[in-house]
Each structure stands twice: as C-alpha cells, then as structure tokens.
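> One predicted model, sequence on top.
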Amino acid sequence: MSTGRDTLGWRKVFAVFGPSTNTVVEPEFAAMRPAGVTNQYRDIYIENATALSDQAFMAGAEIIQGAVDASLRTAMTCEPDYLVMGVSAITFIGGAPACEKFVTHVRDLTGKDVSVGSTSCVEALRAYGSIRRVAVLSPYYPMANAHVARFFSDYGIETVRDLPLRCKSWTDILRVTERQIAQALQQLDGDDIDAIVQVGTNLSMARMAPYAEAFLGKPVIAINTATYWHALRTNGIYDAVDGFGPLLSHLNLKRKD
C-alpha cells in the first residue's frame, strides 16, 4: 500500500537544475544532503563554450537562460517538492529586479518555489550578522562581476573589490585548483571587508570555505553551500551537516519582520 511519500525522499525531494557542463554542483550538494532528502539532478543542456571573453561569457549566460525552461519541464516529471538552482550567473545579471522576475517565472511555470544562488548568498550574509562590505571571487569575466556587484548593492552590500578568474571554457572552471583559490582569497582579503563571497557553481569551494574562514578570520561563503543551506532551511530542515562551515552546522535564515 502506498504511503503517499517518496521512499527515499520522505522529507523532501529536491529537483536540482544546472548546466550539463557542470560537474561540481551534483557531488557538492550530495555531500550536504541529510537523511530523508534526495537531490534529483536535471541538466540544462549547453555546449561547452570555449575562448570566453566578456562578450562571449554574457552570450553564454543568455543561452543558459533560454535553456532553463526545458530543464524545468523535465524536472517536474519526478514530482519534486522544491527546486534548487545549480547555476548562478543568470541570477545575478540585471540585479535584484531581474532575479525576482526570473524566480516568478519559475514559480509560474512549475508551481514550485526555488532557491537560487544570488539571493541565497544575501541570506547567508544576513545569517552571519552585520556584513556590509564584501570581496567577490568568481570564474567569470569583469562584465559579469559588475552584475554581481550591482546585485549585492541592491541589498545594501558593497563589493569593495572582486577577482574574475577569466576561465576559458565552462569546463575550465571545474579545473581551478584549491591552491589557485587560496591564492585568490589571500589577494582579495583585507581589513576593509567583512566577508568574501565565491560565486560560480562549477568552481568547487564548498569544502574549502570553512578552512579559509579559519585562516582569514572572517566569513567565506561558497555559493553552493549557501544555495543548499537556503533550500534546507526554507523547507524547515535544520539538521547540522559537518564539514561545510557555520551555515550548515548551526546558522538559520534570518526571520523576516
């Protein structure tokens, strides 16, 4: 006899959608997954763009945006409870108004709520406390980083400086090493910032961020951690998950007034 619940996802079934070139989101989200939650990954099909530049990166982001709906239609066939977005650039482009429009579109298309990287990072910064000045690390190009800074400014958060790694293809992002990331974080750090935020979901930093917090002495937020944390907390799941820093070990979403 059916219980009406998913056998493995008896708490929640998350449909995770991300670019087909992304090999980082699925394993990082899997490592953060508590018992009773399942992650059903669905690809956003894209070609592996190469020799990226400012213009090519933005054009590639537009292609991803256009391919999202097909991925969502596929995701909905497993009857998920909630959606988790495993691509971040398109949620920053155009600032907060554009992100709100995108989230509304997803809700209208699927009837489900969604966690996206951009707003998840803002909520993570709020959960840490009074953070107003940040530095940003990305695999992007300067034009895309400008959109990230604009997005944060819409929430009263100043991007003091940023470092675009200018990866040469979508899959080049996943090859950035921990040593390269550590050097970038040290370059970004300073007494004039309250935190560092890493964006770009194919840049693997979820496991490294807690160690970076320890040696820099300030919050270091990895976007995949922030996004999955937001999805769990929004769905009332407060399990402590070790190995990913304060967000998943004990921090909760700030209550709205």
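Here it is on my side, so go on. Owing to the predicted nature of the structure, the values given are computational and were not obtained by experimental measurement.
> remind me which residues of the stretch 151-257 of the chain are low pLDDT?
254-257 (pLDDT under 70).
> Can you give me the buried ones in stretch 74-81?
74, 75, 76, 80, 81 (16 or more other CB atoms under 10 Å). C-beta coordinates here come from the backbone N, C-alpha and C atoms, glycine included.
> tell me how far the ends of that stretch are from each other?
Stretch 74-81 has its terminal residues 14 Å apart, counting by CA to CA, to the nearest Å.
> I'd like the average pLDDT over that stretch.
Computed over stretch 74-81, the mean pLDDT rounds to 96.
> can you list contacts of it?
Residues outside stretch 74-81 that contact it (CB atoms under 8 Å, 6 or more residues apart in numbering) are 9, 12, 13, 14, 15, 17, 40, 42, 83, 110, 112, 235.
> hey, where'd the strands end up in the stretch 101-250 of the chain?
114-115, 133-138, 158-164, 195-198, 220-222 (DSSP state E, counting those that start in this stretch).
> Show me what counts as buried in the second one.
Just to be clear, that refers to strand 133-138. Neighbour-count burial for strand 133-138 [16+ other CB under 10 Å]: 134, 135, 136, 137, 138.
> who does it pair up with?
Here strand 133-138 is paired, per DSSP bridges, with strand 158-164 (parallel), strand 195-198 (parallel).
> Show me the one of those that comes nearest residue 187.
Evaluated with CB to CB, the strands paired with strand 133-138 place strand 158-164 nearest to residue 187, the distance being 6.2 Å.
> any idea how far the closest one is from the chain center?
Put simply, strand 158-164 sits 17 Å off its chain's centre (CA atoms, centre = their mean, to the nearest Å).
> send the alpha carbons of it over as CSV?
Provided in CSV are the C-alpha atoms of strand 158-164 (Å, rounded to 0.1, in the frame of the first residue of the first chain):
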residue,chain,number,x,y,z
GLU,A,158,29.1,47.0,-1.1
THR,A,159,31.6,45.0,-3.2
VAL,A,160,34.9,46.6,-2.2
ARG,A,161,36.8,44.5,-4.8
ASP,A,162,36.5,41.5,-6.9
LEU,A,163,38.6,38.9,-8.8
PRO,A,164,37.3,37.3,-12.0
